[in-house]
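Participant: Please find the sequence and the predicted model below.
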Amino acid sequence: MVESAKNSLDTRGKILRAARELFARHGFVGTKTSKIAEAADVNEALIYRYFPAKKDLYTAILQAQIADEDHVNLVRAAECQGLPVVDALKLVAERYLYAHDPTFLRLYYHSALEGHPLAGEFYEQFVRRFMVAVQHLLQRGVDEGVFRPLDPALIALAFTGMFRSYVLTRELFPGKDFDRLDAEVSEAFCNAFLSGIKI
């Protein structure tokens with residue numbers, strides 16, 4: 001019985017991994033369950049045993065991403081009250097690049113461009129929460145007299161936008177221009193950003 005449960009989890013995991021890769025390459029609309037079955041080396045009917053509809057596969061992928069330890073740690077860094085605000089912001093930058101997942105990035109942008117409702121759900125459950133936490137962190141810097149009095153919502157967009165642009169461009173146009181260590185990029189971006197907002 002234990003072995004059967006383990007096999008069930010292995011099969012479910014194989015299906016999810018295959019679906020994740022194919023959704024990232026072809027989008028939700030462009031991915032057929034028959035191709036997922038082929039990539040996972042399972043019978044197509046088995047997919048429906050674990051996931052009654054294709055959207056259930058997508059939901060499971062998004063839920064796993066929201067619960068992913070790297071993403072949880074990223075939000076925790078932004079919500080951190082125990083560090084000086086500059087150190088907390090640097091920690092957010094480090095964890096942002098560390099949490100970057102190329103496959104999920106492509107999957108997420110595909111689904112957003114397709115207007116898939118679950119892309120909006122991920123935005124609400126993860127992206128919005130993260131952005132609000134970064135805004136609060138920047139507002140704390142203003143309140144403590146560390147940062148100039150700027151609109152925290154706009155500055156949060158600027159801060160996260162640097163990193164979002166970097167990881168997206170690196171994925172779309174791989175090459176030596178982006179062959180940098182994440183720590184180097186994180187430090188350089190943070191220093192440039194902080195030099196503009198620190199008092």
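Facilitator: Thanks, I have the structure now. In this text the structure is predicted, and so the values were computed from the model without any measurement.
Participant: Against residue 99, how distant is the nearest residue to residue 97 once chain neighbours are set aside?
Facilitator: Leaving aside its sequence neighbours, residue 97 sits nearest to residue 182 (CB to CB, 6 or more residues apart in numbering; 4.1 Å). Glycine gets a C-beta too; all of them are placed from N, C-alpha and C. Counting by CB to CB, to the nearest Å, the gap from residue 182 to residue 99 is 10 Å.
Participant: how is this structure carved up into domains?
Facilitator: Annotated domains of the chain cover 2-58, 68-197 [automatic domain parsing].
Participant: could you redo these as JSON lines and give each row mean neighbour count?
Facilitator: As requested, these are exported to JSON lines (neighbours: other CB atoms under 10 Å):
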{"stretch": "domain 2-58", "mean neighbour count": "16"}
{"stretch": "domain 68-197", "mean neighbour count": "16"}
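Participant: Same list (those) but as CSV, adding mean pLDDT.
Facilitator: Putting the domains of the chain into CSV (pLDDT from 0 to 100) gives the following:
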stretch, mean pLDDT
domain 2-58, 87
domain 68-197, 90
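Participant: Show me where the protein has its helices.
Facilitator: 2-26, 33-40, 44-50, 54-67, 69-79, 85-99, 102-113, 117-122, 128-143, 152-172, 182-197 (DSSP state H).
Participant: Just to check, residue 57 is in contact with residue 19?
Facilitator: Yes - contact criterion CB atoms under 8 Å: residue 57 and residue 19 qualify, at 4.6 Å.
Participant: Overlap of the contact sets of those two?
Facilitator: Residues touching both residue 57 and residue 19 (CB atoms under 8 Å, 6 or more residues apart in numbering): residue 36.
Participant: And residue 174, its phi and psi?
Facilitator: Dihedral pair for residue 174: phi -60, psi 140, per degrees, to the nearest 10.
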